[in-house]
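Enquirer: Attaching a predicted model along with its sequence, questions to come.
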Amino acid sequence: MDVYGLIGNPVGHSLSPPMHEAGYDALGIDAKYVTFEPPANEGAAAVAAADRLGVAGLNVTIPFKQDVLEAVETDDLAARIGAVNTIDLTGETPQGYNTDAVGAVRALDHHDVALDGTAVVVGAGGAGRAVAFGLADEGMAVEIANRTASKADDLAAEVPGAGGHGLDALGDLLSGADVLVNCTSVGMDEDATPVPAEALHADLAVLDAVYSPIETRLLRDAAAAGATTVDGAWMLLYQGVEAFERWTGESAPVDAMNEVLRAAL
Ligand code: ATR
């Protein structure tokens, strides 16, 4: 039996175990997915320990996504993002990937959103970094807007062709944009949005990385404006799907994983 797991602190309410185990069940893979909660600052040690114990793969969440960099070899995308959320432990050296970026891309792709034109990324934290690099790699022109404009400028300086802005620029930015991704925590368990409703329009596709609630105020406003909406559970699903496929080498049973994930939300 293969053991996969998640390291984070806390991990108590993680939806990854039921989502991944639904995938193993659907494909008849003999595997288990468990959660580990090492103390803060022990992320790299936890990776080495899991490797020695024969764990096949790890997901990594807050606060360890940067800490584990020293314990793995990263691919180019994870190195540029500067954070790892998926580790393959089956080889000689642990290999680190960032499937958050690809998760956003595949969530949009699933909804037939064309990944060309201009994307506006709201937020310049960990999620914003991953999504900005992911969409730029797809060839989109990326504009980053953040409450703290200097952080958007700093991130934009690293992402090819990107621009950095404060939130006050959203109206102008969105008028010519094709895709909008909310990568802030605004809207999580609250009826709030970082984007003025009047800036939304029918030619936009709007992805909200927030998945609690599933229908955020941003997505409600976007639907009212006639935009295509993609909820945060799709991004959560596809970061997991991408990890599943890297680990097992199989095409993930996306529908089975999605069904269980949404039932658990
Ligand atoms: P994550 O890893 O989920 O991206 P993070 O790194 O803490 O989390 O980043 C949180 C993001 O949400 C940041 O872009 C933050 O803006 P600042 O850089 O200005 O702090 C944004 N954010 C959090 N609360 C916000 C609020 N009330 N209004 C606007 N942006 C907010």
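Expert: Okay, I see it. Numbering: from 1, shown residues only.

Enquirer: okay but Ala119 is in contact with Leu180, surely?
Expert: Yes: judged on C-beta atoms under 8 Å, Ala119 makes contact with Leu180 at a distance of 7.4 Å. Heads up, the C-betas are built off the backbone N, CA and C, glycines and all.

Enquirer: Provide a list of residues in contact with Leu69.
Expert: 82-84, 96 (C-beta atoms under 8 Å, 6 or more residues apart in numbering).

Enquirer: Can I get the residues you listed in a markdown table including neighbour count, secondary structure and pLDDT?
Expert: Shown next, in a markdown table, are those (neighbours: other C-beta atoms under 10 Å; DSSP: H, G, I helix; E, B strand; the rest coil; pLDDT from 0 to 100):
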| residue | neighbour count | secondary structure | pLDDT |
| --- | --- | --- | --- |
| Gly82 | 16 | coil | 97 |
| Ala83 | 23 | coil | 97 |
| Val84 | 30 | coil | 98 |
| Gly96 | 24 | strand | 98 |
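
Enquirer: Show me where the stretch 101-250 of the chain has its helices.
Expert: Taking DSSP state H, counting those that start in this stretch, the helices of the stretch 101-250 of the chain run over residues 126-137, 149-156, 170-175, 217-224, 232-248.

Enquirer: Would you tell me whether the longest one gets close to the ligand?
Expert: No: Helix 232-248 stays clear of the ligand (C-beta under 6 Å from any ligand atom), getting no nearer than 11.0 Å.

Enquirer: ditto for the shortest one
Expert: No: remark: helix 170-175 sits outside contact range of the ligand, by C-beta under 6 Å from any ligand atom, the gap being at least 11.0 Å.

Enquirer: And for that helix, what's in contact with it?
Expert: 118, 120, 122, 143, 145, 165, 180, 194-196, 198-201, 204.

Enquirer: residues from the stretch 101-250 of the chain in reach of the ligand?
Expert: So the stretch 101-250 of the chain meets the ligand at 123-128, 146-148, 151, 183-186, 194 (C-beta under 6 Å from any ligand atom).

Enquirer: Farthest pair within those?
Expert: Pairwise distances across those (C-beta to C-beta) peak at 16.1 Å, for the pair Gly126 and Pro194.

Enquirer: which residues sit in contact with Val60?
Expert: Val60 touches 6-8, 43, 68, 84-87, counting by C-beta under 8 Å, 6+ apart.

Enquirer: How confident was the prediction at it?
Expert: On pLDDT, Val60 comes in at 98.

Enquirer: show me what contacts Arg80?
Expert: 133, 158.

Enquirer: quick one on the thing from earlier: now tabulate the contacts of Val60 in a markdown table and tack on distance to the ligand and secondary structure.
Expert: Formatted as a markdown table, the contacts of Val60 follow (distance: C-beta to the nearest ligand atom, whole Å; DSSP: H, G, I helix; E, B strand; the rest coil):
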| residue | distance to the ligand | secondary structure |
| --- | --- | --- |
| Leu6 | 16 | strand |
| Ile7 | 16 | strand |
| Gly8 | 12 | coil |
| Gly43 | 15 | helix |
| Val68 | 15 | helix |
| Val84 | 13 | coil |
| Asn85 | 11 | coil |
| Thr86 | 16 | strand |
| Ile87 | 18 | strand |
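
Enquirer: Would you mind listing the two of those that lie farthest apart?
Expert: Gly43 and Thr86 (13.8 Å).

Enquirer: Quickly note the distance from Pro196 to Thr93.
Expert: From Pro196 over to Thr93 the distance is 48 Å, taken as C-beta to C-beta, to the nearest Å.

Enquirer: Poorly predicted segments of the stretch 151-265 of the chain, please.
Expert: For the stretch 151-265 of the chain, no stretch has pLDDT under 70.
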